[in-house]
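K.L.:
after the sequence you'll find the predicted model.
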Amino acid sequence: MAGNEIEQRSVDTIRTLAMDAVQQANAGHPGTAMALAPIAYLLYREVMRYNPANPNWPDRDRFVLSAGHACILQYAALHLAGFDLRLDELKRFRQWGSRTPGHPEVHLTPGVEATTGPLGQGFANGVGFAIAERFLAERYNRPYDQIVAHRVYAICSDGDLMEGVSNEAASIAGQLGLGKLVYFYDDNHITIDGTTSISFTAEDRGARLEAQGWHVQRVADANDLDALREAIAAAEAETVRPSMIVVRSHIAYGAPHAVDTAKAHGAPLGEAEVRAAKEALGWDPDVTFFVPDDVREHMSRIERGAELEGEWRGRFEAWAAKHPDLREDWEQVQTGRPRPGWVEALPEFQAGEEMATRDAGGSAMEAFKHHVPTMVGGAGDLVESTRTEFKGGGVFSATHAGRNIAFGIREHAMGSIVNGIALHGGMVKPYGSTFLVFSDYMRPPVRLSALSSIPVVWVWTHDSVGLGEDGPTHQPVEHYAALRAIPNLWFIRPADAKETVGAWRMALEREDGPVALALTRQKVPTLEQTHADGVERGAYVLWESEEANGVPDLILLATGSEVHVALEAARRLDADGVHGRVVSMPCWELFEAQSDGYRNQVLPPEVTARLSVEAGVALGWRQWVGDAGDSISIERFGASAPGATVLEELGFTVDAVVERAHALQARVS
């Protein structure tokens, strides 16, 4: 129990606010919030360094609620601590337009650092935050001048630890010795389907984490504030290993009939049980959303937060006076933008040169790397294949914060960690890379990067069946369509080296969401007609027959490595008397964002003979080719053979395009 009356009343205020908000919304997860109220109380009242008046203070401690279903716990704590989250917002929990959604959403609720809820994502996001802290501390701190020195706290649940992504993230956190991580595992023995005895008792979760290099402690009672304080102090004293505090709690603690029941996990307690719980806690059952004045005063961290930030700003100014060049660098990276001059540094490629777009991408990264000194990232053990290494940047390890992160074969955690790095701030355009087919393993964090408007870069290579001999397990077919279906994700498939430079330019310029690059393993010709600026508008006229006079007989639309095939086919068709146009369409999303006038200029409505050429499923192309158009696509899985053979067998040759184009033109005319 709490050591004094005001502590207990503060803890119980969090509990009653959680009960009332969920009951009023008639939806939510009250039980976990009630169980973990003591942890929230300690974190927001005593432990974490933050300023409610400035939630984005750079050296604040970060808190991630990986158990995002318990979000009302965090909302209640944020309100009591003094963040700009009024009591009325708790009363509007889970309602349209409120700042208290059903799971935490970054950029919506002040004090929320990451969008969590899909279990395990927040666990891995926290690892990203810790990587960012380590990198910035090593870059900017100097002896006696520490301007980056904060911790990352997180609460995770059984569900988080069951999900595989947390296992991946825990493994790399231990490998990297991320001692600034302090996690709490809510060991309440309950999931939605019942007790954990039916699904999660064969393993010792704490022992698993210890085996992965974590410092693990156990607290027998979540209501024992002194035991929690002791464990937190020990975790903070551990600097070379991430820490996990396993806390035994009782879901819906305080509710006499709902405590320790699965029903209390994901549904309101019901008016009768809320009333009974308040009576058991010594509260007036007829009063809702009640915050005692002494609790509000006790929990407010407004003055303390201002003192903490003020003390840091004093240290910052002293540091800046000694290191003016570092201060300029610091202020630049805090903008999230590359240093000036990066556009001019981008490479240029000559027409006729054959180059895989993955190699062009690597050349672009090498050219702009000094303009983005806090850009970090890596690959899922495939950096030799994806060409995404910053040469000379060092490898991130337990002893050195290099720019190249060896994620290992952990694609899911890689995506979530990269999101956390970006959300931390000061880390310009972190990236993750692997083969395009393995974007399937990354889909949850990729989706969350789009949902959360996180400016990260996803670099996927081996982008078609043209990769060849590895066969259908490694050859993407449905992936273009699947990724284009994600709102707010820009998926760019450049035609050649010049368009690849344009794709990287879009990736570095975008500030309101993620950009994905799909790059080839096989060499493709650098075309005379392509240009980097064309990527900016998503699609553009690459070539048109001189005989067309602005009204072509037929339009060939293509992306990526199929563009040069479409171009050669168009020239062959022109010789046959079919005067066409070739449109390179590297990014559907950017093209959709253009004006009707521009889109109609590129794709004149009166030209209904349109043929798309792309080595993937046709799903989605109807939007561009229309009901009268046709698509050369792949409606099956690939095959193991040399890439050129696979493409030929599946119909991606000049002859095949010419034949389909003639048939389409004859049918439409």
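P.N.:
All right, it came through fine.

K.L.:
so how many other residues sit close to residue 207?
P.N.:
If you count neighbours by other C-beta atoms under 10 Å, residue 207 ends up with 10. All C-beta spots, glycine's among them, are computed from the backbone N, C-alpha and C.

K.L.:
and what of the one 4 residues further on?
P.N.:
The burial count assigned to residue 211 is 13, neighbours taken as other C-beta under 10 Å.

K.L.:
next one: the one 4 residues further on
P.N.:
In terms of burial, residue 215 registers 21 neighbours under the definition other C-beta under 10 Å.

K.L.:
swap in the one 5 residues further on?
P.N.:
Number of residues near residue 220 (other C-beta under 10 Å) recorded here: 10.

K.L.:
same question for residue 307.
P.N.:
The number of residues packed around residue 307, counting by other C-beta under 10 Å, is 12.

K.L.:
same check, this time on residue 537
P.N.:
Residue 537, neighbours per other C-beta under 10 Å, totals 17.

K.L.:
same question, residue 633
P.N.:
So residue 633, with other C-beta under 10 Å, has 21 neighbours.

K.L.:
doesn't residue 622 make contact with it?
P.N.:
No. If you go by C-beta atoms under 8 Å, residue 633 and residue 622 don't touch, sitting 11.2 Å apart.

K.L.:
any idea how far the residue lying closest to residue 646 once chain neighbours are set aside is from residue 338?
P.N.:
Sequence neighbours aside, residue 465 is the residue nearest to residue 646 in space, at 4.8 Å (criterion: C-beta to C-beta, 6 or more residues apart in numbering). According to C-beta to C-beta, to the nearest Å, residue 465 and residue 338 sit 35 Å apart.

K.L.:
equivalent analysis for residue 451, please.
P.N.:
Residue 451 is 25 Å from residue 338, by C-beta to C-beta.

K.L.:
ok, residue 629 next?
P.N.:
Going from residue 629 to residue 338 by C-beta to C-beta gives 40 Å.

K.L.:
ditto for residue 554
P.N.:
On the measure of C-beta to C-beta, residue 554 and residue 338 end up 41 Å apart.

K.L.:
and those two? which has more neighbours close in?
P.N.:
Relative neighbour count places residue 554 above the other of residue 554 and residue 338, with 25 against 22, counting by other C-beta under 10 Å.

K.L.:
my guess is the more buried one meets residue 577, correct?
P.N.:
No. In this structure, residue 554 is not within contact of residue 577 by C-beta under 8 Å, at 11.2 Å.

K.L.:
can you get me the start-to-end distance on stretch 216-231?
P.N.:
Start to finish, the residues bounding stretch 216-231 are 10 Å apart (C-alpha to C-alpha, to the nearest Å).

K.L.:
oh, I was asking about stretch 346-364
P.N.:
Start-to-end span of stretch 346-364 (C-alpha to C-alpha) is 6 Å.

K.L.:
mind listing what's buried along that stretch?
P.N.:
If you call a residue buried by 16 or more other C-beta atoms under 10 Å, then stretch 346-364 has these buried ones: 346-347, 349, 355-364.

K.L.:
which of those fall within strands?
P.N.:
Applying DSSP state E to those, the entries found in strands are 355, 356.

K.L.:
farthest pair in the buried residues of stretch 346-364?
P.N.:
Maximum pairwise distance in the buried residues of stretch 346-364, criterion C-beta to C-beta, is 17.8 Å, between 346 and 356.

K.L.:
now do the SS call for residue 501.
P.N.:
For residue 501, the assignment made with DSSP: H, G, I helix; E, B strand; the rest coil gives helix.

K.L.:
from residue 496, how far off is the residue lying closest to it once chain neighbours are set aside?
P.N.:
Nearest residue to residue 501 in three dimensions, chain neighbours excluded: residue 532, at 4.6 Å (C-beta to C-beta, 6+ apart). Noted for residue 532: a distance of 10 Å to residue 496, by C-beta to C-beta.

K.L.:
settle it for me: which of these two has more neighbours?
P.N.:
residue 496 (28 against 23).

K.L.:
tell me who's in contact with that one.
P.N.:
Contact analysis of residue 496 by C-beta atoms under 8 Å, 6 or more residues apart in numbering lists 349, 355, 357, 360, 524, 525, 526, 527, 530, 563, 564.

K.L.:
so residue 308 is in contact with residue 50, correct?
P.N.:
Yes. Look at residue 308 against residue 50 with C-beta under 8 Å: they come within range, at 7.5 Å.

K.L.:
between those two, who's got more neighbours?
P.N.:
Applying other C-beta under 10 Å to residue 308 and residue 50 shows that residue 50 carries more neighbours, namely 24 against 19.

K.L.:
picking up where we left off before, next, format the contacts of residue 496 as a markdown table and append pLDDT.
P.N.:
As requested, the contacts of residue 496 are exported to a markdown table (pLDDT from 0 to 100):
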| residue | pLDDT |
| --- | --- |
| 349 | 97 |
| 355 | 98 |
| 357 | 98 |
| 360 | 98 |
| 524 | 98 |
| 525 | 98 |
| 526 | 98 |
| 527 | 98 |
| 530 | 96 |
| 563 | 98 |
| 564 | 98 |
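
K.L.:
distance to residue 491 for those residues - can I get that in CSV?
P.N.:
Shown next, in CSV, are the contacts of residue 496 (distance: C-beta to C-beta, whole Å):
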residue, distance to residue 491
349, 22
355, 21
357, 14
360, 18
524, 18
525, 23
526, 22
527, 21
530, 18
563, 16
564, 20
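
K.L.:
now, those that are in helices?
P.N.:
357, 360, 563, 564 (DSSP state H).

K.L.:
residue 596: neighbour count?
P.N.:
Residues near residue 596, counting by other C-beta under 10 Å: 8.

K.L.:
that one and residue 587, how far apart?
P.N.:
Separation of residue 596 from residue 587 (C-beta to C-beta): 18 Å.

K.L.:
likewise residue 341?
P.N.:
From residue 341 to residue 587 the distance is 25 Å (C-beta to C-beta).

K.L.:
who has more neighbours out of these two?
P.N.:
residue 587 (28 against 10).

K.L.:
then stretch 631-640 to CSV, C-alphas only?
P.N.:
The C-alpha trace of stretch 631-640 is given here as CSV (Å, rounded to 0.1, in the frame of the first residue of the first chain):
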residue,chain,number,x,y,z
SER,A,631,-2.5,-4.4,-67.9
ILE,A,632,0.5,-6.6,-68.4
SER,A,633,0.9,-8.0,-65.0
ILE,A,634,1.8,-11.1,-63.0
GLU,A,635,-1.2,-13.0,-61.5
ARG,A,636,0.8,-15.9,-60.2
PHE,A,637,4.0,-16.4,-58.1
GLY,A,638,7.4,-16.2,-59.8
ALA,A,639,9.9,-19.0,-60.5
SER,A,640,13.5,-19.9,-59.9
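
K.L.:
report the mean per-residue pLDDT for it.
P.N.:
Stretch 631-640 shows a mean pLDDT of 98.

K.L.:
next, the buried residues of it.
P.N.:
Those would be 631, 632, 633, 634, 638, for stretch 631-640 by 16+ other C-beta under 10 Å.

K.L.:
quick check: next helix or strand after the helix or strand where residue 124 lies?
P.N.:
Using DSSP states H and E, residue 124 sits in helix 121-140. Toward the C-terminal end, the helix or strand that comes next after helix 121-140 (DSSP H and E) is strand 152-156.

K.L.:
quick one: mean pLDDT for that following strand?
P.N.:
Strand 152-156 comes out at a mean pLDDT of 98.

K.L.:
angle of it against helix 121-140?
P.N.:
170 degrees (axes from the mean of the first three to the mean of the last three C-alpha atoms, to 10 degrees).

K.L.:
how about the helix or strand that comes right after strand 152-156 as CSV, C-alpha atoms only?
P.N.:
On the C-terminal side of strand 152-156, the closest following helix or strand by DSSP H and E is helix 158-162. Only the C-alpha atoms of helix 158-162 are listed here, as CSV (Å, rounded to 0.1, in the frame of the first residue of the first chain):
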residue,chain,number,x,y,z
ASP,A,158,1.6,-10.2,-21.5
GLY,A,159,0.4,-9.5,-25.0
ASP,A,160,3.5,-7.4,-25.7
LEU,A,161,5.8,-10.2,-24.6
MET,A,162,3.9,-12.9,-26.5
